[in-house]
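Let me see the structure of the following:
(one chain, ligands or ions: 1)
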Amino acid sequence: MSNEATPPLSRLVRELAPSGIRKFFDVAASMQDVISLGVGEPDFVTPWAIREAAINSLKSGHTNYTSTYGDLRLRTAIAKHLDAMYGVRYDPKEEVLVTIGVSEGMDVAMRVLLDPGDEVIVPEPCYVSYKPCVALAGGVPVGVETLASDQFRISVEQIDAAWTPRTKAILLGYPSNPTGATMPREALQEIVDYAVRKNLYLISDEIYDRLTYDGQHTCVAALPGAWERTITLNGFSKAYAMTGWRIGYACAPEPILSAMNKVHNYSILCAPITGQMAALEALKVGESSVVDMVGQYNQRRRLIVEGLNRLGLDCHMPQGAFYAFPSIARTGLTAEEFAERLLFDEKVAVVPGTAFGRGGEKHIRCSYATSLEKIEIALQRMERFIKKLPAS
Ligand code: PLP
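Residues are numbered from 1 along each chain as shown. Predicted coordinates for the structure are as follows:
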């Protein structure tokens, strides 16, 4: 990165590690006949009615900026949706911000909450962007390792052990990427009570809320004591198969949300209007598609988890999202070795658990956002791969 002719890039950026996922995607993309269990996005196309609404909005000439907060009709629909789903109330005028996906929401949340050196507790293994977002905002991510034997759930005791006087917030991301873990309501309530006692913020990434298979999703902000200290992040990418439209939202009490809007206003201005129109339609007519897609993910979940366990790769049943996170400990390989050799020997792409931080060392992430047929073939190839390993 150093170039004597120009000054160095910022220290924050120089110290940032590149994503451990990208490397595998780039190699896999250059190969033929690869079955990818690597990608974290729906294999479905956005439902037609949603695409059509976007086409019609373009035909009608809607090509302008919207309010920085987002189109008020969309914000109103988001507030109604959250109220209907979880009984959590946000004022669409002041407490809902339409963002460029949860990605932007997370970045802005950190920039608004953190002063240099402030610490954020992050359960690991976790989504690849969480810790970099904290660091880029000048904060310090404090990873707390969660274990397969605890179903990758974090406890108040673990949080308390990681707490310091610099702790400002706890980042929760359930259902979890990469583990598929969810948190029972009572366990989340304990974390909320702890945050109240210690006066901490909660940032809750609930992008996989609709992809909850067993039981009900708990919206953190709906829990007693949580609302005033919680930033809820969610979006359209996963539930409605809308990753490329780049629409998400942040909800929080007015003082936090207006601060977020200030940052968003200067750096983004507003989310793209065509995506906003599509998202509005998704909330109007997308429900049956969500139910249908979730049903399909659920079938795939059972197939892949049963298959992995049959191969001796211990895998707890993920309760949400679309990832299985089996242990590869019995193979004697590291996660990186396993992923690399599986890709080169059998052309199956998975992500080494190390890409998601501590607790991922002996795991791989297998996305089941792909067809049943492809999952079957991937399992057959993995079986061949494992049979050839000397350790098994
Ligand atoms: N949060 C989690 C846990 C994710 O897995 C992803 C994408 O994979 C994102 C956020 C980013 O979502 P968006 O497309 O809304 O930016």
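
give me the residue from this protein nearest the ligand.
Taking CB to the nearest ligand atom, the ligand has its nearest neighbour within the chain at G101, 2.4 Å off. Where C-beta positions appear, they are placed from N, C-alpha and C, glycine not excepted.

Mind jotting down where the strands sit in this structure?
Applying DSSP state E to the chain gives strands spanning 35-36, 96-99, 119-124, 140-145, 167-172, 201-205, 230-235, 248-251, 323-324, 348-349, 351-352, 364-367.

and those as JSON lines, adding distance to E376?
Output for these, formatted as JSON lines (distance: least, CB to CB, whole Å):
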{"stretch": "strand 35-36", "distance to E376": "10"}
{"stretch": "strand 96-99", "distance to E376": "38"}
{"stretch": "strand 119-124", "distance to E376": "32"}
{"stretch": "strand 140-145", "distance to E376": "33"}
{"stretch": "strand 167-172", "distance to E376": "34"}
{"stretch": "strand 201-205", "distance to E376": "32"}
{"stretch": "strand 230-235", "distance to E376": "31"}
{"stretch": "strand 248-251", "distance to E376": "33"}
{"stretch": "strand 323-324", "distance to E376": "14"}
{"stretch": "strand 348-349", "distance to E376": "12"}
{"stretch": "strand 351-352", "distance to E376": "20"}
{"stretch": "strand 364-367", "distance to E376": "13"}
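
Save the ones you listed as a markdown table, and put in mean neighbour count too.
Putting the strands of the chain into a markdown table (neighbours: other CB atoms under 10 Å) gives the following:
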| stretch | mean neighbour count |
| --- | --- |
| strand 35-36 | 22 |
| strand 96-99 | 28 |
| strand 119-124 | 25 |
| strand 140-145 | 18 |
| strand 167-172 | 24 |
| strand 201-205 | 25 |
| strand 230-235 | 27 |
| strand 248-251 | 28 |
| strand 323-324 | 28 |
| strand 348-349 | 23 |
| strand 351-352 | 28 |
| strand 364-367 | 28 |
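
For this structure, what lies in contact range of the ligand?
Proximity of the chain to the ligand, by CB under 6 Å from any ligand atom, involves residues 40, 101-103, 127, 173, 177, 205, 207, 235, 237, 243, 248.

And these, which is closest to A222?
D205 (15.4 Å; CB to CB).

Show me what that closest one bridges to in the sheet.
Beta-bridge pairing for D205 (DSSP bridges): L233.

So for it, what pLDDT did the model give?
pLDDT recorded at D205 is 98.

That one contacts A109, correct?
No. The criterion here is CB atoms under 8 Å, and D205 misses it with A109 at 9.3 Å.

which neighbours do those two share?
Common neighbours of D205 and A109 are listed as L233 (criterion: CB atoms under 8 Å, 6 or more residues apart in numbering).

what's the longest helix anywhere in the chain in contact with?
Longest helix of the chain, by residue count under DSSP state H: helix 287-310. Identification of contacts with helix 287-310 by CB under 8 Å, 6+ apart yields 37, 42, 44, 47, 210-211, 213, 239-241, 315, 317-318, 322, 324, 326, 366, 368-372, 375-376, 379, 382.

among the residues you listed, which ones are buried?
37, 42, 47, 210-211, 213, 239-241, 315, 318, 322, 324, 326, 366, 368-370, 375, 379, 382 (16 or more other CB atoms under 10 Å).

Now do the same contact list for V142.
119-122, 162, 164, 167.

which one of these is nearest L333?
Nearest to L333 among the contacts of V142, with distances taken as CB to CB, is V122, at 26.9 Å.

Near D193, how many other residues are there?
Applying other CB atoms under 10 Å, we find 15 residues neighbouring D193.

Please apply the same query to P224.
9.

do the same with D26
9.

pLDDT wise, what is it at?
For D26, the model assigns a pLDDT of 80.

Farthest-apart pair in the residues of the chain next to the ligand, please.
G173 and T243 (17.0 Å).

Of these two, which one has the most company?
G173 (25 against 17).

List phi and psi for that one.
Note on G173: its backbone torsions stand at phi -140, psi 80 [degrees, to the nearest 10].
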